[in-house]
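Asks: Whatever this is, show me its structure:
(chains A and B)
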Amino acid sequence: MEANPLVPDILFHLGPVPISRPVLTTWAIMAVLTAVSWLGLRRASIHGNALQTVLEIVVETLEKQVSEIIRRDPWPYLPLLGTLFIFLVLANLSAVVPGMKPPTAHIETPAALAAIVFSSVHYFGIRSRGLAEYARRYTRPNLLLLPLNVLSEFTRTFSLMVRLFGNMMSHAFVIAIVVFMAGLFLPIPFMLLGILIGIIQAYIFTVLAAVYIGAAVGNVEAE
Amino acid sequence: MYLETLSIIGAVVAVSFGAIGPAFSEGRALAAAMDAIARQPESAGPLSRTLFVGLAMIETMAIYCLVIALLLLYANPFVG
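Replies: Numbers count the residues shown, from 1 in each chain, chains lettered A, B, ... in the order given. Predicted coordinates for the structure are as follows:
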C-alpha cells in the first residue's frame, strides 16, 4: 500500500538539508527541460533544425492559448505560464517512467507552485495598473465586499494547490490499490487514465493561473 | 479505539457523500455544454475551455472532502 501522502519520503541528506524524492524528481525534470531547450536553441537560426521547429510549435501554441484567455499581448506572461504548463505536464507524467513518482502527488510542490502564482498575480497586477488602482480593485462593487475579496484571494490559491495535489495523489492511491489487488494487466487502463488526468490537471492549473493574471491586469477592451 | 473507528467512518462518509453533489453538477454542466456545442459547433473551442475551468471549480468541492478524509486518516489531531 501507499505510504502516508502528507509526509515526504526523505531519500538522503545534503549536509543538514534533507532531500526528499519529490525534490529529486523536480531536479531531474528541470535538468531535462534545460537540456532540451539548450540543445534545440544552441544554434538557433531562421531555418532551424527539427528540434528547434518542435520547440517553436510548442511556444506558438502556448502563445495562442494564453492570448485567447488574457485577451492582450501574452508575451510578458508567457514565460511564467508556459514554463508552468510544460513543467506540470512533465511532472504529472513522470509516473509513466518506472520508479518515478510525480512530485505533484506530494503537497509541497503544488503549494510552491500556487505560491508562485499567488505572488506573480499581484506583481503583474501592480505593474500594469499601479498600486492604488490595483488596490481599488478589491473595493470594486462596494466597500463592504473588501473582506470577501481578500478572503477569495487566499481561498482560490488554496484550492489551486489542493486541486492539483488531490487529483494526482488520489490517482497514485488508486493505482497502488489496484496493483495491490490485481497484479499485472488490470492497472494498465488506470495508468492510461492517469496520463489523461495529468495533462488535464496541468492544463487546468495553467488556465486558472492565466485567468487570475488576466483578471489582475485588467481587460483592455473592457476599460 | 473508539475515536479511530469514528475517524474511519467519518472519512468514508466524507468521501462518499461529498462526491454526490459534484458528480450531479458536473453531469449537468457537461450536458449543458454538449447542448450548446450541438447547437453551435463553431463555438466548441472557447466553450470547452470554459467547461474545463468550470469543471475544475466544481471538482474542488469533492477534493476538499477528499482532503478532509485524508486528514482524518493520516493526520488526525485527536488520535495520538
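Asks: and the residue of chain B nearest chain A?
Replies: B:Ile63 (3.6 Å; CB to the nearest CB). For the C-beta atoms, the positions are set from N, CA and C on the backbone; glycine is no exception.
Asks: give me the number of residues near that residue?
Replies: 21 (other CB atoms under 10 Å in any protein chain shown).
Asks: what helix or strand does the closest residue to it other than its chain neighbours sit in?
Replies: Using CB to CB, 6 or more residues apart in numbering or on different chains and skipping residues adjacent in sequence, the residue nearest B:Ile63 is A:Gly166, 3.6 Å away. Using DSSP states H and E, the element containing A:Gly166 is helix A:146-182.
Asks: same for that helix, what does it pack against?
Replies: Using 3 or more CB pairs under 8 Å, 6 or more residues apart in numbering or on different chains; DSSP states H and E as the contact test, the elements touching helix A:146-182 are helix A:108-129, helix A:187-217, helix B:44-74.
Asks: pLDDT below threshold where in chain B?
Replies: For chain B, residues meeting the criterion pLDDT under 70 lie at B:80.
Asks: Would you mind naming what in it lies close to chain A?
Replies: B:46, B:49, B:52-53, B:56, B:59-60, B:63-64, B:66-67, B:70-71, B:74-75 (CB under 8 Å from any CB of the partner chain).
Asks: Of those, select the buried ones using a ChimeraX command.
Replies: A single ChimeraX command selects the buried members of the residues of chain B next to chain A (16 or more other CB atoms under 10 Å in any protein chain shown):
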select /B:49,52,53,56,59,60,63,64,66,67,70
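Asks: and which of the residues of chain B next to chain A is nearest to A:Val121?
Replies: Taking CB to CB as the measure, A:Val121 lies nearest B:Val53 of those, at 15.8 Å.
Asks: which non-adjacent residue is nearest A:Thr139?
Replies: A:Leu146 (5.4 Å).
Asks: What count of nearby residues applies to A:Tyr138?
Replies: Number of residues near A:Tyr138 (other CB under 10 Å) recorded here: 15.
Asks: Kindly report the same for A:Gly82.
Replies: Other residues close to A:Gly82 by other CB under 10 Å number 19.
Asks: what's the distance between the closest residue to A:Gly214 other than its chain neighbours and A:Ser20?
Replies: Setting aside the residues directly before and after it, A:Gly214 is nearest to A:Ile70 in space (CB to CB, 6+ apart), at 4.1 Å. Separation of A:Ile70 from A:Ser20 (CB to CB, to the nearest Å): 35 Å.
Asks: Would you mind telling me which of these two has more residues around it?
Replies: Between A:Ile70 and A:Ser20, counted using other CB under 10 Å, A:Ile70 has the larger neighbour count: 22 against 17.
Asks: quick one, what contacts A:Ile200?
Replies: Residues counted as contacts of A:Ile200 (CB atoms under 8 Å, 6 or more residues apart in numbering or on different chains) are B:Phe52.
Asks: OK, contacts around A:Gly40?
Replies: A:Gly48, A:Asn49, A:Leu51, A:Gln52, A:Val54, A:Leu55.
Asks: hmm, back to that, determine the number of other residues adjacent to the residue nearest to A:Thr139.
Replies: 12.
Asks: and the nearest residue to A:Gly48 once chain neighbours are set aside, what helix or strand is that in?
Replies: If you skip the residues right next to it in sequence, A:Gly48 has A:Glu56 as its closest partner in space, 7.1 Å away by CB to CB, 6+ apart. If you go by DSSP H and E, A:Glu56 is part of helix A:50-70.
Asks: so for that helix, what's the average pLDDT?
Replies: Per-residue pLDDT over helix A:50-70 has a mean of 90.
Asks: Return the helix or strand following it as PDB; C-alpha atoms alone will do.
Replies: Using DSSP H and E, the helix or strand that follows helix A:50-70 in sequence is helix A:78-93. Extracted in PDB, the C-alpha atoms of helix A:78-93 (Å, rounded to 0.1, in the frame of the first residue of the first chain):
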ATOM      1  CA  LEU A  78       4.200  33.600 -21.400                       C
ATOM      2  CA  PRO A  79       7.500  32.800 -19.700                       C
ATOM      3  CA  LEU A  80       5.700  32.100 -16.400                       C
ATOM      4  CA  LEU A  81       2.600  30.400 -17.800                       C
ATOM      5  CA  GLY A  82       4.400  28.400 -20.400                       C
ATOM      6  CA  THR A  83       7.000  27.100 -18.000                       C
ATOM      7  CA  LEU A  84       4.300  26.200 -15.500                       C
ATOM      8  CA  PHE A  85       2.400  24.200 -18.100                       C
ATOM      9  CA  ILE A  86       5.400  22.300 -19.500                       C
ATOM     10  CA  PHE A  87       6.800  21.600 -16.100                       C
ATOM     11  CA  LEU A  88       3.400  20.400 -14.800                       C
ATOM     12  CA  VAL A  89       2.900  18.100 -17.800                       C
ATOM     13  CA  LEU A  90       6.300  16.500 -17.300                       C
ATOM     14  CA  ALA A  91       5.800  16.300 -13.500                       C
ATOM     15  CA  ASN A  92       2.400  14.700 -13.800                       C
ATOM     16  CA  LEU A  93       3.500  12.300 -16.500                       C
END
